[in-house]
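J.: quick one: sequence and predicted model below, then my questions.
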Amino acid sequence: MNESFYIIVGDSFLDGLQPTLMVSEGRTPFEHLLFSTERDAQIEIADRMMTKLEEFINGDRDFDDALALDEFVLEVVKRADGKFSPKDHEMPRGFSGW
């Protein structure tokens, strides 16, 4: 049975749709940051946007960059092989999961 999660993704010019947040604890390899609810992932994006706005106010980032929203939340399923695939989002031919 496939488990459903939410991840934050961005559209890369070269690689297409890609997860943008990874986590690692200690010496473990990096893994995708998964959220159990869509709202939790949305809150993470909002928190990142607030940080960018604070950087603009402090003079460390330009205004357009601070307002740019280049990430969104995507529901994914964890397959039996351990990879993740978008639940209801069409991916390019040959996509094998993350």
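T.: Noted; the coordinates are in hand. Residues are numbered from 1 along each chain as shown.
J.: from here on, just use CA atoms for contacts and neighbour counts.
T.: OK.
J.: three-state assignment of Q18?
T.: Using DSSP: H, G, I helix; E, B strand; the rest coil, the structure places Q18 in strand.
J.: so what's it bridging to?
T.: G10 (DSSP bridges).
J.: show me what contacts it?
T.: Counting by Cα atoms under 8 Å, 6 or more residues apart in numbering, Q18 makes contact with V9, G10, D11, S12.
J.: reformat the residues you listed as TSV; add distance to F56.
T.: Output for these, formatted as TSV (distance: Cα to Cα, whole Å):
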residue	distance to F56
V9	23
G10	21
D11	23
S12	24
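J.: from these, which is closest to K52?
T.: G10 (16.4 Å; Cα to Cα).
J.: so where is the protein shaky, pLDDT-wise?
T.: 1-2, 92-94 (pLDDT under 70).
J.: contacts for the lengthiest helix in the chain?
T.: In the chain, assigned by DSSP state H, the helix with the most residues is helix 38-57. With contact meaning Cα under 8 Å, 6+ apart, helix 38-57 is reached by 6-8, 35, 61-63, 65-67, 69, 71-73, 75.
J.: kindly recompute the last result at 7 Å.
T.: Y6, I7, I8, F35, R61, D62, F63, A66, V73 (Cα atoms under 7 Å, 6 or more residues apart in numbering).
J.: which of the contacts of Q18 are buried? Put it as a ChimeraX command.
T.: Entered in ChimeraX, the line below selects the buried ones among the contacts of Q18, by 16 or more other Cα atoms under 10 Å:
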select :9,10
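J.: so after the longest helix of the chain, what's the next helix or strand?
T.: Moving toward the C-terminus from helix 38-57, the next helix or strand (DSSP states H and E) is helix 63-67.
J.: now the element after that next one, going C-ward?
T.: Using DSSP H and E, the helix or strand that follows helix 63-67 in sequence is strand 71-78.
J.: now do that following strand against helix 38-57, angle only.
T.: For strand 71-78 against helix 38-57, the angle by axes from the mean of the first three to the mean of the last three Cα atoms, to 10 degrees is 150 degrees.
J.: check which helices and strands the helix or strand just after strand 71-78 sits against.
T.: Using DSSP H and E, the helix or strand that follows strand 71-78 in sequence is strand 84-86. Under the contact criterion of 3 or more Cα pairs under 7 Å, 6 or more residues apart in numbering; DSSP states H and E, strand 84-86 touches strand 71-78.
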